[in-house]
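Engineer: Please work out how this folds:
(chains A, B, C and D)
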Protein chains: 2
Amino acid sequence: MGVLILCQDHGSHHKGSCRCAGMQMGRFMQPCLLLLLHRQSTHGYELMQQLEEFGFASSEIDPGTTYRHLRKMEDERLVRSRWETEQGGPAKRLYEITAEGEEILHAWAVTINFNKQRLEKFLEQYQSQFQEPTNKKGEP
Amino acid sequence: MGVLILCQDHGSHHKGSCRCAGMQMGRFMQPCLLLLLHRQSTHGYELMQQLEEFGFASSEIDPGTTYRHLRKMEDERLVRSRWETEQGGPAKRLYEITAEGEEILHAWAVTINFNKQRLEKFLEQYQSQFQEPTNKKGEP
DNA sequence: CCCCCATATATGGATATTGCCTATATAGAA
DNA sequence: TTCTATATAGGCAATATCCATATATGGGGG
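Structural biologist: A predicted model of the protein is given here:
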């Protein structure tokens, strides 16, 4: 007992079900995709690569999940797409953000800011419970 | 079109399926419970109330979900419980964190810190795309 | 030519997680 | 007695996620 199975390396953390820590950040992919599309219209495959910028490890990014997010957002009119067949290679679907998508992106920013504060609050409490007791001893 | 249905108030944000923003923070409840139990052993009902400290709105906290997290963590030996029937009122299950639970809590802290940085990275990019263009205009 | 690889998109299936509703029980207040 | 607060728990449908796999195009090596 007492062996800590730290099956994540915090950059490409664990998959599947396991006892160890790991928040589900899957839905966080949506605002990231919207932000990338606001920067520049592009297609799914390139978006997947650009997601690494937001801490999605390449090993963590599942094409199925990514494309499903994009299609779901298209159903919701947050993005729009058209086929791009002019260039060589397999046909690609060019995505662009809609006005509605931009509005949702603003809502996401508020939520993300709120959640950032929740994480900060947790870390602050964590540190005060595990690190400050040592300090308290040191300063009489 | 263009009407933003902001169905969350960011403190007790939306439930169920909707098009608007909302990251799933459900699993974040686990480290919060562990941290609270590290502070003091107590029972599920009180933990639910203490969760508000970490941004869980009282309307958002579902007893079913909370107790399920606790039982799951007990299966995983992260917490331990015993029935408390001495006091009046309905029997309560007193939970305490285990050594294993404390180790997992440390792993959670690393993950949460990592995720905090992801959110910060997003917000930074968001601001540079939506707020800085105005500044650029203002400074020649 | 054939095979393999990178690019690009998409689907199926098993499992995990969540939200919501409801059931159970105790005890005190109205 | 009925209502409310305390306290825990289960069922079920909807979602989400992970993983494997399928499809197609075109380039390079042998």
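
Engineer: what's the burial count for A:Gln87?
Structural biologist: When neighbours are counted by other Cβ atoms under 10 Å in any protein chain shown, A:Gln87 registers 8. To be clear about C-beta, it is placed using only N, CA and C from the backbone, and glycine gets the same treatment.

Engineer: So it: helix, strand or coil?
Structural biologist: Here A:Gln87 is recorded as coil under DSSP: H, G, I helix; E, B strand; the rest coil.

Engineer: Can you tell me the number of residues neighbouring the nearest residue to A:Ala109 once chain neighbours are set aside?
Structural biologist: Excluding its sequence neighbours, the residue lying closest to A:Ala109 (Cβ to Cβ, 6 or more residues apart in numbering or on different chains) is B:Tyr126, at 5.1 Å. B:Tyr126 is flanked by 21 other residues according to other Cβ under 10 Å.

Engineer: got it, and A:Ala99?
Structural biologist: Counted with other Cβ under 10 Å, residues neighbouring A:Ala99 total 10.

Engineer: Could you measure from it over to A:Leu78?
Structural biologist: Distance, A:Ala99 to A:Leu78, by Cβ to Cβ, to the nearest Å: 10 Å.

Engineer: Point out the residues in chain A that sit beside DNA strand C.
Structural biologist: By Cβ under 7 Å from any atom of the strand, the residues of chain A that approach DNA strand C are A:17, A:24, A:43-46, A:63-64, A:67-68, A:70-71, A:89-94.

Engineer: one more time with 10 Å, if that's ok
Structural biologist: Residues of chain A lying close to DNA strand C (Cβ under 10 Å from any atom of the strand) are A:16-19, A:22-24, A:26, A:42-49, A:62-68, A:70-71, A:74, A:81, A:83-84, A:87-95.

Engineer: Now intersect those with the helices, please.
Structural biologist: Here DSSP state H is the test, and the residues of chain A next to DNA strand C give A:44-49, A:63-68, A:70-71, A:74 as lying in helices.

Engineer: Would you check which pair of the residues you listed lies furthest apart?
Structural biologist: Largest separation among these by Cβ to Cβ: A:Gln49 and A:Glu74, giving 20.1 Å.

Engineer: Neighbours of the closest residue to DNA strand D within chain A, how many?
Structural biologist: Residue of chain A nearest DNA strand D, by Cβ to the nearest atom of the strand: A:Gly26 (2.1 Å). Other residues within reach of A:Gly26, judged by other Cβ under 10 Å, total 14.

Engineer: that older thread, got a PyMOL select line for the buried ones in the residues of chain A next to DNA strand C?
Structural biologist: In PyMOL, a selection of the buried entries from the residues of chain A next to DNA strand C looks like this (16 or more other Cβ atoms under 10 Å in any protein chain shown):
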select buried, chain A and resi 19+22+23+42+43+44+47+48+66+70+74+81+92+93+95
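
Engineer: sorry, back to before: could you point out which of the ones in helices among the residues of chain A next to DNA strand C is nearest to A:Phe130?
Structural biologist: Distance to A:Phe130 across these (Cβ to Cβ) is lowest for A:Thr65, with 34.6 Å.

Engineer: A:Phe122 touches B:Met29, doesn't it?
Structural biologist: No - judged on Cβ atoms under 8 Å, A:Phe122 makes no contact with B:Met29 at a distance of 10.8 Å.

Engineer: quick one: low-confidence ranges for chain A?
Structural biologist: A:1-24, A:132-140 (pLDDT under 70).

Engineer: go with 90
Structural biologist: Residue ranges of chain A with pLDDT under 90: A:1-27, A:52, A:55-62, A:84-91, A:107-108, A:110-111, A:114-115, A:131-140.

Engineer: closest point of it to DNA strand C, which residue?
Structural biologist: Residue of chain A nearest DNA strand C, by Cβ to the nearest atom of the strand: A:Gly64 (2.6 Å).

Engineer: A:Gln50 versus that residue, what's the distance?
Structural biologist: Between A:Gly64 and A:Gln50 the distance is 18 Å, computed by Cβ to Cβ.

Engineer: And A:His69, by the same measure?
Structural biologist: A:His69 sits at a distance of 14 Å from A:Gln50 (criterion: Cβ to Cβ).

Engineer: likewise A:Ala91?
Structural biologist: For A:Ala91, the distance to A:Gln50 equals 20 Å [Cβ to Cβ].
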